[in-house]
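> next comes the sequence, and after it the predicted model I'd like to discuss.
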Amino acid sequence: LAKTTQPISMDSYEGQEVNITCSHNNIATNDYITWYQQFPSQGPRFIIQGYKTKVTNEVASLFIPADRKSSTLSLPRVSLSDTAVYYCLVGPNQGGKLIFGQGTELSVKP
Amino acid sequence: GAGVSQSPSNKVTEKGKDVELRCDPISGHTALYWYRQRLGQGLEFLIYFQGNSAPDKSGLPSDRFSAERTGESVSTLTIQRTQQEDSAVYLCASSPRGGGARDTQYFGPGTRLTVL
């Protein structure tokens, strides 16, 4: 399973765009990149997933460069309710467990 | 529809006692996971069940920990002779297909275990 590295914490202000970058230098050809969000006292929930280039949904965008050794989760115009821990996971398409790292604790301030 | 449920939501026990934690996955989900999350820490994988295959127990921290799953339904995580370092939130997740990165995991609310 590919190891991921992401910042432990980040601070932002309401209305700003937040970009959280995850490094995964040993990503395999059949690995996908998935991001989860965890609010305090809740289990994580899926945000977005991608393989290459750019993916966008109603919550976030995910940018993946051609070499796929990193990925960036982009949250547009964050609000206080986006304060959470964000986890980057890398793993194969089919089967098996995923490894959640320490995650990035995002704090959005007024 | 109903999500993943876990019981109890909170459990306080004395050191040395056994505890059982229950997880009811989303109906029809073939994969089920257990994680442990200590205060302020990330999720620590414990065990993974997929259909009728042998479970992946590689994350269980000691032989005091065990888990069972009946078919594709309820799962029980048992911790024997609890220690204070077992205090954590235990999270269960299920996913509809075979697991892996493309198979979204749906998490329950967790069981907060406190060992005195």
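Good, I have the coordinates.
> and the gap between B:Phe107 and chain A?
Separation of B:Phe107 from chain A (C-beta to the nearest C-beta, to the nearest Å): 3 Å. For every residue, glycine as well, the C-beta is placed using N, CA and C.
> so that residue touches B:Gln6, yeah?
No - using C-beta atoms under 8 Å, B:Phe107 is not in contact with B:Gln6; the gap is 9.2 Å.
> okay, and the common contacts of those two?
Residues touching both B:Phe107 and B:Gln6 (C-beta atoms under 8 Å, 6 or more residues apart in numbering or on different chains): B:91-92.
> surely A:Cys88 is in a helix?
No - counting by DSSP: H, G, I helix; E, B strand; the rest coil, A:Cys88 is not part of a helix but strand.
> which element is the closest residue to it other than its chain neighbours on?
In this structure, A:Cys88 finds its nearest non-sequential neighbour in A:Cys22, 3.4 Å apart by C-beta to C-beta, 6 or more residues apart in numbering or on different chains. Assessed by DSSP states H and E, A:Cys22 sits inside strand A:18-23.
> ok, the helix or strand that that strand is followed by near chain B or not?
As assigned by DSSP H and E, the chain's next helix or strand after strand A:18-23 is strand A:31-38. Yes - interface with chain B: strand A:31-38 contributes A:31-34, A:36 (C-beta under 8 Å from any C-beta of the partner chain).
> center of chain B - which residue?
Nearest to the geometric centre of chain B sits B:Trp34, at 2.9 Å (C-alpha atoms, centre = their mean).
> please identify the buried residues of the strand holding A:Cys22?
Residues of strand A:18-23 classed as buried: A:18, A:20, A:22-23 (neighbour count, 16 or more other C-beta atoms under 10 Å in any protein chain shown).
> who touches stretch B:59-79?
A:97, B:18-25, B:28-30, B:32, B:34, B:36, B:44-49, B:51-52, B:55, B:57, B:80-83, B:86, B:90, B:92, B:113.
> pull out the buried positions in it.
B:59-60, B:65, B:67, B:69, B:72, B:75, B:77, B:79.
> end-to-end on that stretch?
From its first residue to its last, stretch B:59-79 covers 14 Å (C-alpha to C-alpha, to the nearest Å).
> on that earlier part again, separate out the buried members of the contacts of stretch B:59-79.
By 16+ other C-beta under 10 Å, the contacts of stretch B:59-79 give A:97, B:19, B:21, B:23-25, B:29-30, B:32, B:34, B:36, B:44-49, B:55, B:82, B:86, B:90, B:92, B:113 as buried.
> in chain B, which helix or strand is least confident?
strand B:44-50 (a mean of 91; mean pLDDT, DSSP states H and E).
> what is that strand packed up against?
With contacts defined as 3 or more C-beta pairs under 8 Å, 6 or more residues apart in numbering or on different chains; DSSP states H and E, the packing partners of strand B:44-50 are strand B:31-37, strand B:65-69, strand B:75-79.
> quick one: the strands in the chain?
No chain specified, so I'll use chain A. A:9-13, A:18-23, A:31-38, A:45-50, A:53-56, A:61-64, A:70-75, A:84-92, A:104-109 (DSSP state E).
> my question was about chain B
Using DSSP E, strands in chain B cover B:5-7, B:10-13, B:19-24, B:31-37, B:44-50, B:65-69, B:75-79, B:88-95, B:106-107, B:111-115.
> appreciated, that's everything.
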